[in-house]
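Peer 1: Turn this into a structure:
(chains A and B)
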Amino acid sequence: MKRALITGITGQDGAYLAEFLLAKGYEVHGIKRRASSFNTDRIDHLYQDPHESGRRLFLHYGDLTDATNLIRILQQVQPDELYNLGAQSHVQVSFETPEYTANSDAVGTLRLLEAIRILGLEKKTRFYQASTSELYGKVQETPQRETTPFYPRSPYGVAKLYAYWITVNYRESYGMYACNGILFNHESPLRGETFVTRKITRALARIHLGQQDCLYLGNLDARRDWGHARDYVEAQWLMLQQDQPEDFVIATGEQHSVRDFVTRAAREIGIDIDWRGTGSDAHGVIASAALDSAAKPGQRIVAIDPRYFRPAEVDTLLGDPSKAKAKLGWQARTPFADLVREMMQADLALARRDALVANAGYHAPMHHE
Amino acid sequence: MTRTALIIGISGQDGALLAHLLLGKGYAVHGTSRDAQLNPFDVLQRVGVRAQVHLHSMAPTDFRSVAHCLDRVRPDEIYLLAGQSSVGLSFGQPVETLESIAIGALNVLEAMRFLALPARLYHAGSSECFGDVATTADESTAFRPRSPYAVAKASAHWTVTNYREAYGLHACTGILFNHESPLRPARFVTRKIVGAATRIAAGSDERLCLGRLDIRRDWGFAPEYVEAMWRILQQPAPDDFVIATGVATTLEDFVARCFARVDLDWRDHVDHDPQLERPSDLARNCGDPAKAERVLGWRARTSLDTLIAHLVAAEQGRDWPMSAAATTDPETASP
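Peer 2: The predicted structure is shown next:
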């Protein structure tokens, strides 16, 4: 039985990848950070009681900022495949926590590569590094492919740039099987609530049910290449099954603006938005809404809050996944419309649950950024 | 009014030569080292500026010490030269290399923001970021770093760019190609070669062990390069510059010229040692300094033979020029 170790198993990609690998028959180990509150929501459905026999999912307490801890876990697990998905992964937050971002995303990756070497696992453990389209930042060509020069525009992008190159360097210097997956934006109902797509579907659901009035966003004109995380974790796995380690762009090859995402998500729940104004004055007003909606025509439901503008913006990202198609036989399966629908419906269900709980007289969770 | 410069990492070759240059221009010069009490500042002594510079302890990886020092000195110009500086050592100390270089740069930038300091920052980038260069690299050439040192330098480079664009700081990176002087530590290959050649010429029977000899490097004379650092900060708008000679020479040619300078044939004294080859060594590294010449009016003037002559002179205890102004090239000067 193959053994995989996943850093960041409690995140969106970690959860999908764990499920994917378990279905492939892997024994899956994951690293989670200790926190005062439970932080395993996304993998609770995969949890197996320690007293059960034949258990194949194991969680270890750990942290990418603790080298000895990582060495000990690797020594114990002796993984065939190591997926480094753990990171401070939020671009906007990285401007506020640049050192922490560098420590977990850049030094953390180096710590893992070093742990593999110190334990003599260079020939056993295959390493996947979660790289990102944010490396392209101020894009030098469109679409972006494996050969496009990087131009990171945030502490997150810079930290991930370090991680990218140090992965390449360890592959070349020490003959390790180590790959970068340069993944463009990939979303799902499991996406963190503070990422823009999830923020949109969550807010629209709540507006629809009368739990919230307005959705505040930053750059509405930012264009991204959005795929479904479930499709993308398969590419991560495929990269580690090749004869030679290589880096791949993983993307849909299709681009939409944040504004377009909002328009389509709203239409899913019967709301048509009329866009007005430009720049920081841009806003969305309901042109028409379903009769059962708490949101009414004329209501201003989307507005700009300049606080969400990034100090240095990434205006456009569009990936060219042709290498992945040619060499991995991989391509994105979920069309944009289906992705938006799935996310919108999932958040609508959550908002309805909250409404039900509140109507029954119980306290419904009320999370804020 | 006297301008104040802070040189972070003043105890190395570039720090000392830059201090020498800035003192000559009338600056008040402050410098840092991780432990200013313990550091003997030998290189500053050799350059003769030890008594004229104000020395402070600062650990670039410790934000408090960075902010405290910047606040005390309130410099007009900051030169960030600190960091683990050996490519070879970076394979053995990758984390220290990354933290001293990248976290160090981040802390300086964050301290400038924190204090709202209207200072200009020069960041010492590195030609190592380019990796193997087929022809010559200029400011628009994509990075392809090939050592933990180079990856860390690339990371610091982009952090500086990001802070310039995100927060409007006057922060620049000089992408300097190899620049040598007798002040290099003995472990650097140029010093190692020149040292062995002069000792052998003086009667030593030692052998010189080297790794790959077919690598090509763009070698300049360090006093001219610190002049470029200063010029970079005198521009109205912050920008990045490649600083290089534009000429690539093989290490074998460098070795041959050094031995020829002391009337020896290198082939009689040099052994190849595969142990000295790095896990991934650059085959070729050469820069295109056209933008520096156009915008800064800067050009490398010291030929490789003159550089070698200076290095040999210093090994033999003779004088060598410590400032760019004194480096009229005999090869190009009228006879």
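
Peer 1: Contact partners for the residue in the stretch 1-150 of chain B positioned nearest to chain A?
Peer 2: Residue of the stretch 1-150 of chain B nearest chain A, by Cβ to the nearest Cβ: residue B:142 (3.4 Å). C-beta: built from backbone N, CA, C; applies to glycine. Counting by Cβ atoms under 8 Å, 6 or more residues apart in numbering or on different chains, residue B:142 makes contact with A:140, A:149, A:150.

Peer 1: what distance separates the longest helix that chain A contains from the centre of its chain?
Peer 2: Using DSSP state H, we find that the single longest helix of chain A is helix A:336-359. How far helix A:336-359 lies from its chain's middle: 19 Å, per Cα atoms, centre = their mean, to the nearest Å.

Peer 1: Ok, stretch B:178-198 next?
Peer 2: Distance, centroid of stretch B:178-198 to centroid of chain: 13 Å (Cα atoms, centre = their mean).

Peer 1: What are the buried residues along that stretch?
Peer 2: B:178-184, B:188-198 (16 or more other Cβ atoms under 10 Å in any protein chain shown).

Peer 1: same thing with stretch B:2-11?
Peer 2: For stretch B:2-11, a neighbour-count test (16+ other Cβ under 10 Å) marks B:4, B:5, B:6, B:7, B:8, B:9, B:10, B:11 as buried.

Peer 1: need the contact list for the first one.
Peer 2: Spelled out, that is residue B:4. Counting by Cβ under 8 Å, 6+ apart, the residues that residue B:4 touches are B:27, B:28, B:29, B:30, B:73, B:74, B:75, B:76, B:77.

Peer 1: where does the residue of the stretch 1-150 of chain B closest to chain A land on pLDDT?
Peer 2: Listed pLDDT for residue B:142 reads 96.

Peer 1: How about the residues of chain A by chain B?
Peer 2: A:67, A:95, A:98-99, A:102-103, A:106-107, A:110-111, A:114, A:140, A:149-155, A:157-159, A:161-162, A:165-166, A:169, A:172-174, A:310-312 (Cβ under 8 Å from any Cβ of the partner chain).

Peer 1: Tell me the buried residues within those residues.
Peer 2: A:67, A:95, A:98-99, A:102-103, A:106-107, A:110-111, A:114, A:150-155, A:157-159, A:161-162, A:165-166, A:169, A:173-174, A:310, A:312.

Peer 1: Strands along chain B, start to end?
Peer 2: B:4-8, B:28-33, B:54-57, B:77-80, B:120-126, B:170-176, B:179-180, B:208-210, B:216-217, B:220-221, B:241-243, B:249-250, B:270-272 (DSSP state E).

Peer 1: where does chain B have low pLDDT?
Peer 2: Residue ranges of chain B with pLDDT under 70: B:280, B:325-335.

Peer 1: for it, which helix is longest?
Peer 2: From DSSP H, the single longest helix across chain B is helix B:148-167.

Peer 1: How about that helix and chain A, touching?
Peer 2: Yes: using Cβ under 8 Å from any Cβ, helix B:148-167 reaches chain A at B:148, B:150, B:151, B:152, B:154, B:155, B:158, B:159, B:162, B:165, B:166, B:167.

Peer 1: quick one, that helix and strand B:120-126 angle?
Peer 2: Angle of helix B:148-167 versus strand B:120-126, following axes from the mean of the first three to the mean of the last three Cα atoms, to 10 degrees, is 150 degrees.

Peer 1: From the chain's centroid, how far away is helix B:148-167?
Peer 2: Using Cα atoms, centre = their mean, the offset of helix B:148-167 from its chain centre is 17 Å.

Peer 1: Okay, angle between it and strand B:170-176 too, please.
Peer 2: 150 degrees.

Peer 1: CA-only coordinates of helix B:148-167 in PDB, if you can.
Peer 2: The C-alpha coordinates for helix B:148-167 follow below in PDB (Å, rounded to 0.1, in the frame of the first residue of the first chain):
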ATOM      1  CA  PRO B 148      19.900  28.100  -2.400                       C
ATOM      2  CA  TYR B 149      21.900  31.300  -2.400                       C
ATOM      3  CA  ALA B 150      20.500  32.400  -5.700                       C
ATOM      4  CA  VAL B 151      16.900  31.400  -4.900                       C
ATOM      5  CA  ALA B 152      17.100  33.400  -1.700                       C
ATOM      6  CA  LYS B 153      18.500  36.400  -3.600                       C
ATOM      7  CA  ALA B 154      15.800  36.100  -6.200                       C
ATOM      8  CA  SER B 155      13.200  36.100  -3.400                       C
ATOM      9  CA  ALA B 156      14.700  39.300  -1.800                       C
ATOM     10  CA  HIS B 157      14.900  40.900  -5.200                       C
ATOM     11  CA  TRP B 158      11.100  40.500  -5.700                       C
ATOM     12  CA  THR B 159      10.300  41.600  -2.200                       C
ATOM     13  CA  VAL B 160      12.200  44.900  -2.900                       C
ATOM     14  CA  THR B 161      10.300  45.300  -6.200                       C
ATOM     15  CA  ASN B 162       7.000  44.500  -4.500                       C
ATOM     16  CA  TYR B 163       7.500  47.000  -1.700                       C
ATOM     17  CA  ARG B 164       8.500  49.700  -4.300                       C
ATOM     18  CA  GLU B 165       5.300  49.000  -6.300                       C
ATOM     19  CA  ALA B 166       3.000  48.400  -3.400                       C
ATOM     20  CA  TYR B 167       4.100  51.200  -1.000                       C
END
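
Peer 1: Now it: buried residues?
Peer 2: Quick answer for helix B:148-167 (16+ other Cβ under 10 Å): B:148-166.

Peer 1: and it, what other elements does it pack with?
Peer 2: helix A:155-174, helix B:87-92, helix B:94-98, helix B:104-114, strand B:120-126, strand B:170-176 (3 or more Cβ pairs under 8 Å, 6 or more residues apart in numbering or on different chains; DSSP states H and E).

Peer 1: In JSON lines: these, plus distance to residue A:77.
Peer 2: Output for those, formatted as JSON lines (distance: least, Cβ to Cβ, whole Å):
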{"stretch": "helix A:155-174", "distance to residue A:77": "19"}
{"stretch": "helix B:87-92", "distance to residue A:77": "26"}
{"stretch": "helix B:94-98", "distance to residue A:77": "22"}
{"stretch": "helix B:104-114", "distance to residue A:77": "32"}
{"stretch": "strand B:120-126", "distance to residue A:77": "37"}
{"stretch": "strand B:170-176", "distance to residue A:77": "41"}
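
Peer 1: Residue B:255: which of those is closest?
Peer 2: Nearest of these to residue B:255, taken as Cβ to Cβ: helix B:87-92 at 17.8 Å.

Peer 1: That closest one vs chain A: in contact?
Peer 2: Yes: interface with chain A: helix B:87-92 contributes residue B:91 (Cβ under 8 Å from any Cβ).

Peer 1: Mind listing residues that contact that helix?
Peer 2: Residues contacting helix B:87-92 (Cβ under 8 Å, 6+ apart): A:173, B:84, B:97, B:128, B:147, B:148, B:149, B:150, B:152, B:187, B:278, B:279.

Peer 1: Could you rerun that using 6 Å?
Peer 2: B:97, B:147, B:148, B:149, B:278, B:279 (Cβ atoms under 6 Å, 6 or more residues apart in numbering or on different chains).

Peer 1: between the residues of helix B:148-167 next to chain A, which is nearest residue A:133?
Peer 2: Among the residues of helix B:148-167 next to chain A, and counting by Cβ to Cβ, the member closest to residue A:133 is residue B:158, at 15.4 Å.

Peer 1: That closest one reaches residue A:158, doesn't it?
Peer 2: Yes: counting by Cβ atoms under 6 Å, residue B:158 touches residue A:158, with 4.5 Å between them.

Peer 1: so who does residue 316 touch?
Peer 2: This is for chain A. Per Cβ under 6 Å, 6+ apart, neighbours of residue A:316: residue A:223.

Peer 1: Correction: the question concerned chain B.
Peer 2: Residue B:316 sits in contact with residue B:198, where contact means Cβ under 6 Å, 6+ apart.

Peer 1: Please, where are all the strands along the stretch 151-300 of chain A?
Peer 2: A:178-183, A:186-187, A:215-217, A:223-224, A:227-228, A:248-250, A:256-257, A:272-276, A:283-288, A:300-304 (DSSP state E, counting those that start in this stretch).
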